[in-house]
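Q: here are the coordinates; sequence isn't available:
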């Protein structure tokens, strides 16, 4: 029997370095940041899976995790385009990429999200509002796509018979970052010491979902580690970094083997972050006593230890039930999700701030033109690019208001993979935890790995969080509203549950 139709599960792993050797724009803040070196490498990890039963192929899936802030459509399409010629036997649509949401990775987005390109055909302004000396994001995407496609190809060609095991552990990594005050408003990264502080707005999730893969000799070959927290501890620095996933991968390999692969996934965490807002003084004292480097609030080394402890707690138990022949399926669909409905009031509120930012941006540009020596100052560009980026952020509200009648829905690519008793489901958002909790509990899979940022991003807040407002829930932050969130939940649950986790004898 040929390898293509050999019964059972086959798995292949590979990793690629996607760290550029040139200065790049760093993603994740509302101003430009040009990289000033590399703190640690950013990588892409590919896990290729296929299965056959009774000599018939059952399906394929390639999950790819990238140390990026998000996965732009342009990057996804460039990777798939490379694979069409490099790996013609693999359907490129079976490849799904997700980001860990590090705020210190190269910018891989260069078009406006969810707005037709025709809206910008006469716009010649540089992406940050002023000419800057760094690699254009489009050039980075071209290069990174080749690296990522190479990892996919290597993982596919290395597929070998394998088994999987899974389990759930716990680590306090993500915390709700929206604080609510006595007047009913909510603020992302609010001050818990304010006398008007009332409560933390929503739920927190401290689960760590793990799926491990084993070769025929029961040797561990890799693991999927799913954590409901974006990797943005060091989010304001000016160096390229994978953030806490760098330390976490290093610690996991120290404990479980230098050669294992680690595919990082961020579960729904639109309202979560690793920053401590409540009980901070006591936490900081313990970090000091432990000798941790509290560079940016929650130390990265602390997170790595917590995740590795959770994995270490799970693996010995999970390894008692390795599944060598799980039922397998992969469903993917382009689903139209309704836009968040904007009102004239929404537009009027942002228009006033937009006008002020436009004046500030134009004044700063004039000052730089009159005083070119300004460009010799360190990070001279942050204020002017900050005004420009925020101005464009608000301008998109005006554009979306005009577009919502003609384009009321936004097409989104969604994936569901069933692998025996477990399920994987993706979405392109920074998805508020309310939705993740519902999807997991309504899923009939024993364990459901939900992965956000398998796309370019934008917050998707739940209905109850809109009343509080604040960044992450205001119109400028959210392309899709609760109506679209409900449709996402319904599609995901239905597609997970319509495929039974049959175990073959």
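A: Alright, I've got the coordinates. For clarity, every value in this text was computed on a predicted model and none was experimentally measured. Numbers count the residues shown, from 1 in each chain.
Q: Wait, residue 330 touches residue 415, no?
A: Yes. Using Cβ atoms under 8 Å, residue 330 is in contact with residue 415, at 7.1 Å. C-beta here means a position set from N, CA and C on the backbone, and glycine is covered the same way.
Q: Overlap of the contact sets of these two?
A: Counting by Cβ atoms under 8 Å, 6 or more residues apart in numbering, the shared contacts of residue 330 and residue 415 are residue 61.
Q: gap between the closest residue to residue 443 other than its chain neighbours and residue 406?
A: Leaving aside its sequence neighbours, residue 443 sits nearest to residue 496 (Cβ to Cβ, 6 or more residues apart in numbering; 4.8 Å). Using Cβ to Cβ, to the nearest Å, we find residue 496 at a distance of 33 Å from residue 406.
Q: More neighbours: which of these two?
A: Shown here are residue 496 and residue 406; by other Cβ atoms under 10 Å, residue 496 has more neighbours (25 against 7).
Q: Next up, phi/psi of that one, please.
A: Here is the backbone geometry of residue 496 (degrees, to the nearest 10): phi -70, psi -40.
Q: For it, give me its contacts.
A: By Cβ under 8 Å, 6+ apart, the neighbours of residue 496 are 416, 418, 423, 425, 443, 444, 445, 448.
Q: separation between it and residue 451?
A: Using Cβ to Cβ, one obtains 13 Å as the distance from residue 496 to residue 451.
Q: Buried ones among the contacts of residue 496?
A: 416, 418, 423, 425, 443, 445, 448 (16 or more other Cβ atoms under 10 Å).
Q: What strands flank the helix or strand containing the fourth one, and is each parallel or antiparallel?
A: Here residue 425 sits within strand 422-426, counting by DSSP states H and E. Its sheet considered, strand 422-426 pairs with strand 409-419 (antiparallel), strand 447-451 (parallel) by DSSP bridges.
Q: Would you mind pulling the contact partners of it?
A: The contact list for strand 422-426 (Cβ under 8 Å, 6+ apart) reads 61, 63, 96, 98, 164, 166, 211, 414-417, 439, 443, 445-452, 454-455, 492, 495-496, 501.
Q: just for this structure, where's the confidence low?
A: Low-confidence segments of the chain (pLDDT under 70): 1-6, 55, 117-123, 293-298, 500-505.
Q: Any buried residues in the longest helix belonging to it, and which?
A: In the chain, with assignment by DSSP state H, the single longest helix is helix 344-370. By 16+ other Cβ under 10 Å, the buried positions in helix 344-370 come out as 346, 347, 349, 350, 354, 357, 360, 361, 364, 368.
Q: Relative to residue 402, which of the residues you listed is nearest.
A: Proximity of the buried residues of helix 344-370 to residue 402 (Cβ to Cβ) peaks at residue 347, which lies at 9.1 Å.
Q: I'd like the contacts of residue 496 as a markdown table, with distance to residue 90 appended.
A: Converted to a markdown table, those look like this (distance: Cβ to Cβ, whole Å):
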| residue | distance to residue 90 |
| --- | --- |
| 416 | 19 |
| 418 | 19 |
| 423 | 22 |
| 425 | 21 |
| 443 | 28 |
| 444 | 29 |
| 445 | 25 |
| 448 | 26 |
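Q: if we can go back for a sec, looking at the strands paired with strand 422-426, which is closest to residue 33?
A: strand 447-451 (26.3 Å).
Q: From the chain's centroid, how far away is that closest one?
A: Remark: strand 447-451 is offset 14 Å from the chain centroid, using Cα atoms, centre = their mean, to the nearest Å.
Q: So what touches that strand?
A: Strand 447-451 is contacted from outside by 98, 166-168, 209, 211, 224, 226, 265-268, 421-427, 431, 436, 439-440, 492, 496, using Cβ under 8 Å, 6+ apart.
Q: Make a ChimeraX selection of the buried ones in the residues you listed.
A: Applying 16+ other Cβ under 10 Å to the contacts of strand 447-451 leaves a buried subset, and the ChimeraX line that selects it is:
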select :98,166,167,209,211,224,226,265,266,267,268,421,422,423,424,425,426,427,431,436,439,440,492,496
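Q: wait, what's in contact with the nearest residue to residue 337 once chain neighbours are set aside?
A: Counting by Cβ to Cβ, 6+ apart, residue 337 lies nearest to residue 484, which is 3.8 Å off, once chain neighbours are set aside. Shown in contact with residue 484 (Cβ under 8 Å, 6+ apart): 337, 338, 339, 340, 410, 460.
Q: Tell me the spacing between residue 197 and residue 416.
A: In terms of Cβ to Cβ, residue 197 sits 40 Å off from residue 416.
Q: Could you give the bridge partners of residue 24?
A: residue 135.
Q: Spell out which helix or strand contains residue 166, please.
A: Using DSSP H and E, the element containing residue 166 is strand 163-170.
Q: Show me what that strand is packed up against.
A: If you count contacts as 3 or more Cβ pairs under 8 Å, 6 or more residues apart in numbering; DSSP states H and E, strand 163-170 packs onto strand 8-17, strand 207-214, helix 300-318, strand 447-451.
Q: which is the next helix or strand following it?
A: With elements assigned by DSSP H and E, the helix or strand that comes after strand 163-170 is strand 175-176.
Q: Backbone dihedrals for residue 114, please?
A: Here is the backbone geometry of residue 114 (degrees, to the nearest 10): phi 60, psi 20.
Q: got the contact list for it?
A: When contacts are counted by Cβ under 8 Å, 6+ apart, residue 114 touches 410, 456, 458, 479.
Q: one more time with 6 Å
A: Residue 114 makes contacts with 410, 479, as judged by Cβ atoms under 6 Å, 6 or more residues apart in numbering.
Q: Tell me the spacing between it and residue 138.
A: Counting by Cβ to Cβ, the gap from residue 114 to residue 138 is 18 Å.
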